[in-house]
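what's the 3D shape of this:
(one chain, ligands or ions: 1)
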Amino acid sequence: MPTSRTTALARLGALLETPAETGDGFLDLLGAANQAGPPTGLTQRLMRTTLLPQIYERYWRPALGRALKGPFGPSMAGEVRLATEFLRPRPGDTVLDVACGTGRFTRAFGAAVGPDGLAIGLDGARTMLTKAVAEGGPDTLAYLRADAVRLPLKESTVDGVCCFAALHMFAEPETALDSFARVLKPEGRIVLLTTARRGRQPARLLESAGGIVSGQRMFDRGEIAASLRARGFTGITERYAGVTQIVAGRLG
Ligand SMILES: C[S@@+](CC[C@H](N)C(=O)[O-])C[C@H]1O[C@@H](n2cnc3c(N)ncnc32)[C@H](O)[C@@H]1O
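So this is what the prediction gives:
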């Protein structure tokens with residue numbers, strides 16, 4: 001492993017509450033466990049397979065994202081741009097990409113924080129992180145295998161938290177939001193992309209059924225914004241496209 005990448009892992013290690021094993025280019029707090037937290041269904045299981053990470057970034061995520069966002073939702077490049085604009089990473093910042101998958105967003109944050117910053121990609125799937133490491137990117141990247149619901153980072157350690165396309169597959173999304181707020185520094189920024197079912201029947205019924213089959217929770221419009229407000233976030237913005245929402249805010 002290049003020395004610069006080892007340095008980024010050491011910097012990440014210093015932010016953790018407990019020491020982590022060094023795996024194949026990432027730190028690992030889950031050891032032999034197959035996945036983080038209790039299983040939540042089909043979609044989460046697919047993420048752990050060997051095949052999906054290989055096709056995830058190029059085919060799976062853009063296609064599924066388009067189906068869920070509809071024709072007028074942002075492209076993948078647009079999502080990365082929006083996430084970066086909402087987080088506004090400055091040189092030297094530490095940004096945490098929760099449920100980073102193969103690291104598409106993490107790499108963009110790594111470039112934005114500059115050589116003195118740190119972009120942490122956290123995921124529960126070994127196969128996803130192996131692919132993320134293989135993708136390369138700036139020396140400021142450090143990957144961590146851990147549970148997104150109970151973040152293992154010390155309190156008030158990161159300047160920004162991004163969690164795209166994952167909150168709806170966590171067993172306890174509200175606990176995850178508590179955890180996101182805990183690790184953010186005062187005035188730290190958050191940006192989330194998750195599900196948003198419509199209020200009217202029969203669309204609501206169909207969307208709820210789709211969520212049950214795929215093992216993904218369907219949040220209501222406004223629900224995530226209210227959850228963030230309840231945790232002390234301010235300046236909240238919401239954008240809706242298809243059955244998705246992007247919600248962003250600042251702590252305090
Ligand atoms: C659909 S992918 C999203 C990847 C990336 N954020 C994106 O927008 O393309 C969801 C990711 O969440 C991860 N994941 C699901 N539940 C998790 C948990 N409890 N802890 C950590 N990662 C989890 C999966 O392994 C998967 O890589």
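
which residues of the protein lie near the ligand?
36-37, 44, 47, 61, 99-101, 104-105, 123-125, 128, 147-149, 164-166, 169-170 (C-beta under 6 Å from any ligand atom). Every residue, glycine included, has its C-beta placed from N, CA and C.

which residues in the stretch 151-252 of the chain form strands?
158-164, 184-195, 233-241, 244-251 (DSSP state E, counting those that start in this stretch).

and these, which is most packed in?
Comparing those by mean neighbour count (mean count of other C-beta atoms under 10 Å), strand 158-164 ranks first with a mean of 25.

could you say what helices and strands it packs with?
With contacts defined as 3 or more C-beta pairs under 8 Å, 6 or more residues apart in numbering; DSSP states H and E, the packing partners of strand 158-164 are helix 76-87, strand 94-98, helix 104-112, helix 173-183, strand 184-195.

can you list contacts of that strand?
15, 79, 83, 87-90, 93-99, 105, 109, 120, 148, 176, 180, 183-185, 188-194 (C-beta atoms under 8 Å, 6 or more residues apart in numbering).

filter those residues to the buried ones?
Those of the contacts of strand 158-164 that meet the buried threshold are 15, 79, 83, 87, 89, 93-99, 105, 109, 120, 148, 176, 180, 183-185, 188-194, by 16 or more other C-beta atoms under 10 Å.

and Gly13, how close does it get to Leu251?
Gly13 sits 24 Å away from Leu251, taking C-beta to C-beta, to the nearest Å as the criterion.

for Leu177, same thing?
For Leu177, the distance to Leu251 - C-beta to C-beta - is 11 Å.

then Thr237?
For Thr237 relative to Leu251 (C-beta to C-beta), the value is 14 Å.

what of Asp139?
For Asp139 relative to Leu251 (C-beta to C-beta), the value is 28 Å.

okay, now the unreliable bits of the stretch 1-150 of the chain?
Along the stretch 1-150 of the chain, segments meeting pLDDT under 70 span 1-3.

need the strands for it, in chain order.
Under DSSP E, counting those that start in this stretch, the stretch 1-150 of the chain gives strands at 21-22, 27-28, 94-98, 118-123, 141-145.

using TSV, lay out the ones you listed together with distance to Arg217.
Listed next are the strands of the stretch 1-150 of the chain as TSV, based on distance: least, C-beta to C-beta, whole Å:
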stretch	distance to Arg217
strand 21-22	31
strand 27-28	27
strand 94-98	16
strand 118-123	19
strand 141-145	23
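
out of the ones you listed, the one nearest Arg229 is which?
Closest of the strands of the stretch 1-150 of the chain to Arg229 is strand 94-98, at 19.6 Å (criterion: C-beta to C-beta).

residues in contact with that closest one?
15, 87, 89, 103, 105-106, 109, 112-113, 117-122, 148, 151, 153, 157-163, 166, 176, 180, 183.

try it again at 7 Å.
87, 89, 105-106, 109, 113, 117-122, 148, 157-163, 166, 180, 183 (C-beta atoms under 7 Å, 6 or more residues apart in numbering).

kindly report the same for stretch 103-121.
Taking C-beta under 7 Å, 6+ apart as the rule, stretch 103-121 contacts 8, 11-12, 57, 80, 83-84, 89, 91-97, 100, 132, 135, 137-138, 140-144, 162, 164.

good, we can wrap up now.
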